[in-house]
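Participant: coords please:
(2 chains)
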Protein chains: 2
Amino acid sequence: MPIHDVNVMILDNDGVLRREGKQLPGVVELYAQLEKRGISNVLLSNNSRVTSDGLVRQMKQFGVKDFCKDQAMTSAEAAASWIRHNPSADRLEDMRVFAVGEEGVFRSLQELGIALANDQWDGQQWSGLPTDVVVGFNTKMDYATTMAPAWNAIHRGSRWIHTNGDVSYRNAAGAMLPANGAQLAYLSTTGKEPAAVVGKPNREMAESALRRMNVTQDQARIAVVGDNLTEDMGLADNLRSAGWNAEGWMVLTGVTTAEDCDDPSVDRVFQDIRQITRALLSR
Amino acid sequence: MPIHDVNVMILDNDGVLRREGKQLPGVVELYAQLEKRGISNVLLSNNSRVTSDGLVRQMKQFGVKDFCKDQAMTSAEAAASWIRHNPSADRLEDMRVFAVGEEGVFRSLQELGIALANDQWDGQQWSGLPTDVVVGFNTKMDYATTMAPAWNAIHRGSRWIHTNGDVSYRNAAGAMLPANGAQLAYLSTTGKEPAAVVGKPNREMAESALRRMNVTQDQARIAVVGDNLTEDMGLADNLRSAGWNAEGWMVLTGVTTAEDCDDPSVDRVFQDIRQITRALLSR
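Facilitator: Next comes the predicted model:
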């Protein structure tokens, strides 16, 4: 579709708006342009460690003053929302979720009134088996208090929801480190599969955001902007398969280089978000 | 082959001689019979947390007074020995091994004079990339000090040796918990494969023990006694494929039940080790 037909933009954060914790150039200008052209937008982050409140704080620091909470969603929030809409017990109050992750996961479950099972592991076994296990990336993960109890619960039949499957990320020192996809591989040795891996490229999180924006399939002309073939361009693919009119727009400020862009899931390639703003401005 | 032709016995520990930390009946009688009949024997444990000294202490506690260190080998010792015989640098003193595991792994490397790289990870990156990463099961594993640096080193090209691939074990409270095979799955998300998974069913450890016993292929008639289809009976299979005359003897005091024994790798099934002693005594 022509660039100027786009009326919904789904944006990634790391590698698009920021890199290694620092703002990339052109964020304020891009959001000003989206506002001016009435392009609905949502910042969809697979990072389950943060919250949408945290993303709002980040965007305000970046200079996007009127960025609001509804313009952001994390895979942890999407996972909590998924559980809320797919309860594993007849009554929500009978559910007990063992949560692995950082602030984003705990906060998201808490905000939807979902009770935790974390105090039911005595270090050796469960006093009461959790109904669900939710796993987000956790840089404080360890054997005794997170991976062993999660593994045991999943092995015994607790439903398992994984926030996202990203295998690795680059830390502030530039080192590649394992992420939530490695925890997924660890827990898959139970022989079980997650009931859902909610983050990108799964379309659950995006469709939940599109519903919140009141965007319907017949009117939506979506650009998925990201730096990652698997998660971001994969999401565009999965939306298309589900009947949405969606394009994958790759920016080269993150993990993917120009050579990797020769992929059928990539519709357009931009050096950075400044080039997207210029494209929207042209004509 | 007839039971009485066996002249080498390879024994497993957990599920055979002990269960959930406690001695199973008939250990003293079995070892007395092996001694009496001149059957060479070795206790081959995939447990990389212990040392052969620890196994000697266990056997003396069990009442097998003259059990000596050469009658036992752990997957951690086999991994250290594998590295010693397959150096990754021209000179042994140039090797720096990042070790993940418990006492068994550290002690085994130390005894063979192999230097550690563990202090070269500053929490963010390697000051000098390790030549090798050795991974044994670690109930104190965590993200910051073990899995993240191991993942990063393997991803960057350090050679990777995994002591064993056992996925799970049952703790003293009877709960199934993840073991070294789960760590293997986690680290496999680097896209790399271990240079060796030294423990059972790999035949490296067994062949190393057989060499130490001065047993050769033309004279050996081996019984591999264990409670596990994959590791123990798998070892018997792998020894056969390599030209050894070996049988798989399953005991039902561990993880495998009678129904699971309908497997071509199982040559004989015994209720417990007492039944093996009786079979050796008969005639």
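Participant: Residue A:14 and residue A:49 touch, don't they?
Facilitator: No - shown here, residue A:14 and residue A:49 do not form a contact pair, counting by Cβ atoms under 8 Å, at 11.3 Å. All C-beta atoms are positioned from the backbone trio N, CA, C, and that covers glycine.
Participant: What ranges in chain A fall below the confidence cut-off?
Facilitator: Chain A contains residues with pLDDT under 70 at A:283.
Participant: where does it come near chain B, residue by residue?
Facilitator: Residues of chain A found near chain B (Cβ under 8 Å from any Cβ of the partner chain) are A:124-126, A:138-144, A:147-148, A:151-152, A:155-156, A:167-168, A:171-178, A:181-183, A:185-190.
Participant: just checking, which of these belong to helices?
Facilitator: A:148, A:151-152, A:155-156, A:181-183, A:185-188 (DSSP state H).
Participant: so which of these is the most crowded?
Facilitator: In terms of neighbour count, residue A:183 stands highest of those at 29 neighbours, by other Cβ atoms under 10 Å in any protein chain shown.
Participant: Please tell me how far that residue sits from residue B:187.
Facilitator: As judged by Cβ to Cβ, to the nearest Å, residue A:183 and residue B:187 stand 12 Å apart.
Participant: Next: residue A:150.
Facilitator: 18 Å.
Participant: Which residue ranges make up each domain of chain A?
Facilitator: A:3-46+A:200-281, A:89-197 (automatic domain parsing).
Participant: got a markdown table for the ones you listed, with distance to residue A:82 too?
Facilitator: What follows is these, written out as a markdown table (distance: least, Cβ to Cβ, whole Å):
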| stretch | distance to residue A:82 |
| --- | --- |
| domain A:3-46+A:200-281 | 6 |
| domain A:89-197 | 6 |
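Participant: Around the closest residue to residue A:263 other than its chain neighbours, how many other residues sit close by?
Facilitator: In this structure, residue A:263 finds its nearest non-sequential neighbour in residue A:229, 5.8 Å apart by Cβ to Cβ, 6 or more residues apart in numbering or on different chains. By other Cβ under 10 Å, 19 other residues sit near residue A:229.
Participant: pretty sure residue A:229 contacts residue A:264?
Facilitator: No - with contact defined as Cβ under 8 Å, residue A:229 does not reach residue A:264; the gap is 10.6 Å.
Participant: before we move on, the earlier item: closest to residue B:134 out of the domains of chain A?
Facilitator: Closest of those to residue B:134 is domain A:89-197, at 17.6 Å (criterion: Cβ to Cβ).
Participant: Any idea how far that closest one is from the middle of the chain?
Facilitator: Taking Cα atoms, centre = their mean, to the nearest Å, one finds the center of domain A:89-197 at 16 Å from the center of the full chain.
Participant: What's the end-to-end length of it?
Facilitator: 20 Å (Cα to Cα, to the nearest Å).
Participant: and what of stretch A:34-43?
Facilitator: So stretch A:34-43: terminal residues 13 Å apart, Cα to Cα.
Participant: same deal with stretch A:31-43?
Facilitator: Stretch A:31-43 stretches 11 Å from its first residue to its last (Cα to Cα).
Participant: Pull out the buried residues from stretch A:253-264.
Facilitator: For stretch A:253-264, a neighbour-count test (16 or more other Cβ atoms under 10 Å in any protein chain shown) marks A:253-256, A:261 as buried.
Participant: would you turn those into JSON lines with secondary structure?
Facilitator: Below are the buried residues of stretch A:253-264 laid out as JSON lines (DSSP: H, G, I helix; E, B strand; the rest coil):
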{"residue": "A:253", "secondary structure": "coil"}
{"residue": "A:254", "secondary structure": "coil"}
{"residue": "A:255", "secondary structure": "coil"}
{"residue": "A:256", "secondary structure": "coil"}
{"residue": "A:261", "secondary structure": "helix"}
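Participant: out of these, who's nearest residue A:3?
Facilitator: Closest to residue A:3, out of all of these and judged by Cβ to Cβ, is residue A:261, at 17.0 Å.
Participant: Pretty sure the closest one sits against residue A:249.
Facilitator: No - at 10.7 Å, residue A:261 does not count as touching residue A:249 under the criterion of Cβ under 8 Å.
Participant: Now the common contact residues for those two.
Facilitator: Residues touching both residue A:261 and residue A:249 (Cβ atoms under 8 Å, 6 or more residues apart in numbering or on different chains): residue A:269.
Participant: Tell me which stretches of chain A form strands.
Facilitator: For chain A, applying DSSP state E gives strands covering A:8-11, A:18-19, A:22-23, A:40-45, A:72-74, A:97-100, A:132-135, A:159-162, A:168-170, A:176-178, A:196-197, A:222-226, A:246-251, A:268-270.
Participant: Show me how far the fourth one is from its chain's centre.
Facilitator: If I follow you right, that is strand A:40-45. The answer for strand A:40-45 is 10 Å, by Cα atoms, centre = their mean.
Participant: Which strands border that strand, and is each parallel or antiparallel?
Facilitator: With DSSP bridges as the test, strand A:40-45 is paired with strand A:8-11 (parallel), strand A:72-74 (parallel).
Participant: can I get those in CSV with distance to residue A:218 and mean neighbour count?
Facilitator: Output for the strands paired with strand A:40-45, formatted as CSV (distance: least, Cβ to Cβ, whole Å; neighbours: other Cβ atoms under 10 Å in any protein chain shown):
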stretch, distance to residue A:218, mean neighbour count
strand A:8-11, 13, 24
strand A:72-74, 23, 27
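Participant: Need the distance between the two termini of stretch A:264-275.
Facilitator: Stretch A:264-275 end-to-end distance (Cα to Cα) = 21 Å.
Participant: cool, stretch A:135-144 as well?
Facilitator: First-to-last residue span, stretch A:135-144, Cα to Cα: 15 Å.
Participant: For that stretch, buried residues please.
Facilitator: Those buried within stretch A:135-144 under the rule 16+ other Cβ under 10 Å are A:135-138, A:141-143.
Participant: go on, stretch A:76-90?
Facilitator: Of the residues in stretch A:76-90, A:76-84, A:87-88 count as buried by neighbour count, 16+ other Cβ under 10 Å.
Participant: Of those, which belong to helices?
Facilitator: Here DSSP H is the test, and the buried residues of stretch A:76-90 give A:76-84 as lying in helices.
Participant: ok, the buried residues of stretch A:135-144 vs residue A:276, which is closest?
Facilitator: Nearest to residue A:276 among the buried residues of stretch A:135-144: residue A:137, at 27.9 Å, using Cβ to Cβ.
Participant: Let me know how buried residue A:175 is, in neighbour terms.
Facilitator: So residue A:175, with other Cβ under 10 Å, has 19 neighbours.
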